[in-house]
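>>> coordinates only, sequence not included:
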């Protein structure tokens, strides 16, 4: 039996100068030099793949601020649990974040931090005897706020902020995204998923109030998205399902009502792992015709501070 072999002496080669190259030496990372500032750190990153994307997202947020475009933050509960509220509040205080939308989990953690200074229970331990999610003060306080909000035609986020503001004593008001957004005049919406949140199992739960206030917030989010047009940024931080689904529907409402706008914005999903819905509903589909979408994978407690510091550094470093 014979075995044929390819004759390598006959292959055609090409000059390396004619070959398109994806990586160039000048794009490599730089070791620490005499300048140890955060700006120098960012500049030292390789201009490759996600490091390049990260700087583009930082620039897009800073540019949106400079051009008075919308910057919408969409939050999952883990963002609050990992202690990132002070950074997001700072973005609101600087006028960078123009709207904050969160799922019910994020609202619960934010409410508990503000009132009691602690949150996040041991699910497995509480599930043994059915006490998981049965905190009296959380369930009653939030549900009463929804009912009051429904009666006053408030959204869920607004209702919670007003309720917190009326509390005679709060453990950490300075750490509440809901409360500080309210005081700063930044729109905040909460998007409930009935049955998926611990407060829905409390005796005070009122389905009509939950539906009324959260649906009002859905309409408010759809209105807020118009500011994304021509240079805005929407960030999905740690929500795998609820916020990507809500965003997609709110976006189509906005485009339906405003002749196809918003267009030409940047979207970014920043999460610990990649999921289907953030990828297609936040990163890909909304930017197919215009704009750009990015996926940055990393732990929230590291990536969000890097992002916020990068944005502030770019905005304050003009003329550096």
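Happy to help now that I have it. Predicted model only: the values in this text are computed from it and were never measured.
>>> In contact with residue 190: list those residues for me.
101-104, 106-107, 155-157, 160, 178, 213-214, 217 (C-beta atoms under 8 Å, 6 or more residues apart in numbering). Every residue, glycine included, has its C-beta placed from N, CA and C.
>>> Check for me that it belongs to a helix.
No - under DSSP: H, G, I helix; E, B strand; the rest coil, residue 190 sits outside any helix and is assigned strand.
>>> Excluding residues flanking it in the chain, which one is nearest it?
residue 156 (4.0 Å; C-beta to C-beta, 6 or more residues apart in numbering).
>>> what's around that neighbour, how many residues?
Using other C-beta atoms under 10 Å, residue 156 has 32 other residues around it.
>>> How about residue 317?
That count, for residue 317 with other C-beta under 10 Å as the rule, works out to 13.
>>> That one: what's it in contact with?
residue 39.
>>> try residue 224
70, 72, 98, 99, 101, 187, 189.
>>> Now residue 278: closest residue in space that isn't a chain neighbour?
residue 269 (3.9 Å).
>>> number of nearby residues for the one you found?
28.
>>> Helix, strand, or coil at it?
Quick answer, by three-state DSSP: residue 269 is strand.
>>> how close does it sit to residue 23?
Noted for residue 269: a distance of 25 Å to residue 23, by C-beta to C-beta, to the nearest Å.
>>> circling back to that earlier point, what's the closest of the contacts of residue 190 to residue 202?
For those, the residue nearest residue 202 by C-beta to C-beta is residue 104; the value is 12.8 Å.
>>> Test my guess that that closest one contacts residue 205.
No - at 11.8 Å, residue 104 and residue 205 do not qualify as touching, with contact defined as C-beta atoms under 8 Å.
>>> Spell out which residues are contacts of both of the two.
Counting by C-beta under 8 Å, 6+ apart, the residues touching both residue 104 and residue 205 are residue 199.
>>> and these two? which has more neighbours close in?
Taking other C-beta under 10 Å, residue 104 and residue 205 do not tie; residue 104 has more neighbours (23 against 18).
>>> which ones are touching the more buried one?
Each residue near residue 104 by C-beta under 8 Å, 6+ apart is listed here: 190, 191, 192, 193, 196, 197, 199, 242.
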